[in-house]
Each structure stands twice: as C-alpha cells, then as structure tokens.
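Colleague: I would like the atomic coordinates for the input below:
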Amino acid sequence: MKHIDVRDIFEDKEYLGKTVTVCGWVRTARDSKNMAFLALNDGTTLNHLQIVIDKNAGGVLPAEAGKLGASLKVEGVVVENVNDGSPEINAEKIEVLGKCPDDYPLQKKFQKLETLREKPHIRVRTNTFNAVLRVRSVMAAAIHRFFQERGYVYVNTPLITGSDCEGAGEMFKVTTIGYPEPGKYQNEEEYYADDFFGQKAGLSVSGQLEGEVAAMAMGKIYTFGPSFRAENSNTLRHVAEFWHVEPEVAFAELPDVIEIAEEMIKYILRDYMEKCPDELKFFEQRFEKGLTEKLRNVIDNDFEIVDYTDAIELLKKADVDFEFPVEWGCDLQSEHERYITEKVYKKPVFLINYPKEIKSFYMKQNPDGKTVAATDLLVPGVGEIIGGSEREADYDKLVAAMKARGMNLDAYKDYLDLRKYGSVPHGGFGLGFERVIMYATGMANIRDVILYPRTVGSIR
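Modeller: Alright, predicted model coming up:
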C-alpha cells in the first residue's frame, strides 16, 4: 500500500499541489451539511493532518470514516490551510481500512494517565504516548551513536545468569520445574540437579560482570538491554523490567567514569532537543513548565561533584523535616537526593565516595578503609539516574569484600580470574534508561515512559 507519511507532508513543501495518498487513524471529526473535517494521525508525528471533505464539490464522507479510532486511506490534493499555512488535504477518495465502534476508549474527553495505564494497548495512540515513544526511540539511537563514535564495542550480555551482580538477592528465578509435587525433592540440591541448567539461575539484574569480562579484552565496551529487579517497590520510579545502559572501560578511574557519564547525558539531551522540538514543546506545555530551560541549563553547565560525607552534613543542617533520618552510613532516600539537586545545587550532582557497607562488593575500596570509589548521578525531579564506580582491581581485596558479605566465591570464579590475569584499573556505570526519559520529558511516573510496564502485581 504505497502512501506518504504524515510527517513528510508537514516537513516537505514539495507535496503542495500534488495528489497523494495517506493512511492513519481518525483523532477528531466534524461533520456539517456542506463540509466535513477529519484529523488524521499515522504515528509518524505529533501533528494531526486535517482532511477536508467539500460536499458541495462532490466530496463524500463514508459513514464509518467519521468515527474516532477508525483507520482510513485518503487520496487527495495537498493544500495550505488559509488560517495558519499548515498543510491539509482536500479529499477526493476515502477508504475505510478498519471500522471502530462507539465504545472506543479514546473519546474527546480528558483522561488521566492513571486511567490510560489500564489500557496500555490503546494509550499508545494518544498524543502523550506518541511523543514519549518517539523520544524514547531518538534517545536510544543517540546512546548507541555516542558510544560508537568514541570507539566502544557494543556487546550483548546474557539475560539468564547464575550470579547476582548486586548481591542483593532481588532476582527473578528461572526454572523449568515450576511447582513440583510435594515430596518429590528432599533438598535444594536434588531440585536443581533436575532443573534445566543443573543449578540456580535467574534473570540478570545487570550486565556489568560480563561487561567487565569484555572490557578486559576490548578496552571500551557498552551494553544496552533489559535488566530485571524483583524489588517490591511500588514507587514512581521503579519497575521490575527496565532498560539498562552499561559502559565498562579498561584503564579508567573514578574521575574518568564521571567524565564519560556527564558527556553522555549532555550528548543525548542535546540530540533530543535538536531532533524532537515538537515533542519538547508538548511536554513543556502539558507536563513540566520550564523544561526547555532546565535541559539547556544541564547541557551548558558543569555538573556538581559532592562527597557523600559533605552531602550528609548538608542534609543534617537542612531546615527540612525529612521522613527518613540522616546519619553517616545511611543510604540516601529520594527525598534526600531531590533536596540536594533541587534546593542546594539546582542542577545534576555526582555524589562520590559512599560508605562501603551500602555499596556493592565490586567497588574499589578507598585508602580510608571506610568508603568506596563509587558515584551516583542525581538529577532534579527524579533523583538517581546513574550508579557507577571504579571497580576493585585487587584480587585479595575483592575476595575479602565478597567473604565479608557471605558470597559464594565459586559462582564468581570467572570474575575473580580477571584480577589474576593482567588486572587493570577499570570502571563503568549503569544508566536507567527510563529514568533519563522521565527527566527529559517531565513525565512523573516511570510507568508512563515504557510500552508495557512490569510492576508488583501487574503484568498486563
């Protein structure tokens, strides 16, 4: 079915005066005695294309073509709208491709995002999700371009793994046995001996460990794919399945990791602002006033770097009644992170040198014996979007950290080998893709920046 994208009609003046064919779904419809008007959208742009049916000139609006949600094929001449100069089509022929009954969920009345979440298969046709998913696509391409232009190798790490990168035990179990009949297995060893892999397996929470393996051979690598966390967190910024950007760089220390992260964030935001001006304007009008200025401020200024210990002192002195008390050694909550970025510095902040007890086993231990060379990037409105560190390259220190956490060293034999065979300083970070989309669009809930959100108690 040869047709022109609606986006091209808006962007290319060469179609003016020409007969074209377009396809799309009816967004609005007005019908009168002499004229009828349809707003058609095919998903390639936020802009709706007006279809004009002049009944006095013999134009006909088929009965089903005026219903919201119906899909149409329209042939006609592209002309300029006399009021604003935008393109529209004087229809000569309209074919109904798919009828739509009167109970179509997206009627003209305003619907809350909460309501639309109950219809994920339909909500994608709204302006909001049309914009979100287009921005998501553009930003994903920008991430790949950023790393490819700098000589990184894109690797695909396994989604099924036998080791927990974070050591937090928040993994989904992968098994072919399911729920065995009572008494079939006397112990865990018998159970796993009968399972597909012959041992415990789960969905990956991060591709970092395998990414380090690749970096020890390729120098600079990145992985970009889904990660899974079985966290019972019903918050605005947690989902059980999210997309994860994880570069890993050999011969890199913590300052290098911070530099790469800041450069990457600025690159993808700049690309988004250049390529999605209509979407950015839409988000600014509907979801976050001042969004353009916020993003421009991020691109044009250096991020702040603050030591965790100094941040704790700032929070202690704050004239704010925090829900969660603040003491050195605590894991900062979203309210603390947002206070630091929104009230104190008013821009993105790298927090560094966290207490080793609240960070993962693989992070490089600082000389003070209390902290690790870790960093989190905190941004206004969202909180943490990046977590990274220099990795512990010393075999004995890494083993000691793992033993202190009661970890099974046999499950990490390959990882430990990296510290035996030509170990080098190296580091990397993980970016929660959905969270940076939230920051770029002003969307407040992570469930609204992904096609099908996976959350506690919900797998629609």
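
Colleague: following the lowest-mean-pLDDT helix or strand in the chain, which helix or strand comes up?
Modeller: Across the helices and strands of the chain, mean pLDDT, DSSP states H and E gives its lowest value to helix 188-193, namely a mean of 88. Heading C-terminal from helix 188-193, the first helix or strand you meet, by DSSP states H and E, is strand 202-203.

Colleague: What helices and strands are in contact with that following strand?
Modeller: Applying 3 or more Cβ pairs under 8 Å, 6 or more residues apart in numbering; DSSP states H and E, one finds that strand 202-203 contacts strand 160-161. Every residue, glycine included, has its C-beta placed from N, CA and C.

Colleague: Can you point out the buried residues in the least confident helix or strand of the chain?
Modeller: Tyr192 (16 or more other Cβ atoms under 10 Å).

Colleague: Touching it from outside, list them.
Modeller: Residues outside helix 188-193 that contact it (Cβ atoms under 8 Å, 6 or more residues apart in numbering): 177, 180, 185, 198-200.

Colleague: repeat that with 10 Å
Modeller: 175, 177, 180, 184-185, 187, 198-201 (Cβ atoms under 10 Å, 6 or more residues apart in numbering).

Colleague: so Gln50, which of the three states?
Modeller: Secondary structure of Gln50, reduced to three states by DSSP: H, G, I helix; E, B strand; the rest coil: strand.

Colleague: ditto for Val138
Modeller: What three-state DSSP gives for Val138 is helix.

Colleague: Could you check how far it is from Lys112?
Modeller: Counting by Cβ to Cβ, to the nearest Å, the separation of Val138 from Lys112 is 26 Å.

Colleague: Specify which residue of the two has the higher count of neighbours.
Modeller: Val138 (17 against 7; other Cβ atoms under 10 Å).

Colleague: Excluding residues flanking it in the chain, which one is nearest that one?
Modeller: The shortest distance from Val138 to any non-neighbouring residue, by Cβ to Cβ, 6 or more residues apart in numbering, is to Lys275 (5.1 Å).

Colleague: so what's the one you found up against?
Modeller: Per Cβ under 10 Å, 6+ apart, neighbours of Lys275: 134-135, 137-139, 141-142.

Colleague: Show me which of those are buried.
Modeller: Buried, going by 16+ other Cβ under 10 Å: 134-135, 138-139, 142, out of the contacts of Lys275.

Colleague: Can you lay out those as a markdown table showing pLDDT?
Modeller: Converted to a markdown table, the buried ones among the contacts of Lys275 look like this (pLDDT from 0 to 100):
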| residue | pLDDT |
| --- | --- |
| Arg134 | 97 |
| Val135 | 98 |
| Val138 | 98 |
| Met139 | 98 |
| Ala142 | 98 |
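
Colleague: which of those residues sit farthest apart?
Modeller: Arg134 and Ala142 (12.8 Å; Cβ to Cβ).

Colleague: just the helices in the stretch 301-450 of the chain please.
Modeller: 308-317, 334-338, 395-404, 413-417, 433-441 (DSSP state H, counting those that start in this stretch).

Colleague: Many thanks, I have nothing further to ask.
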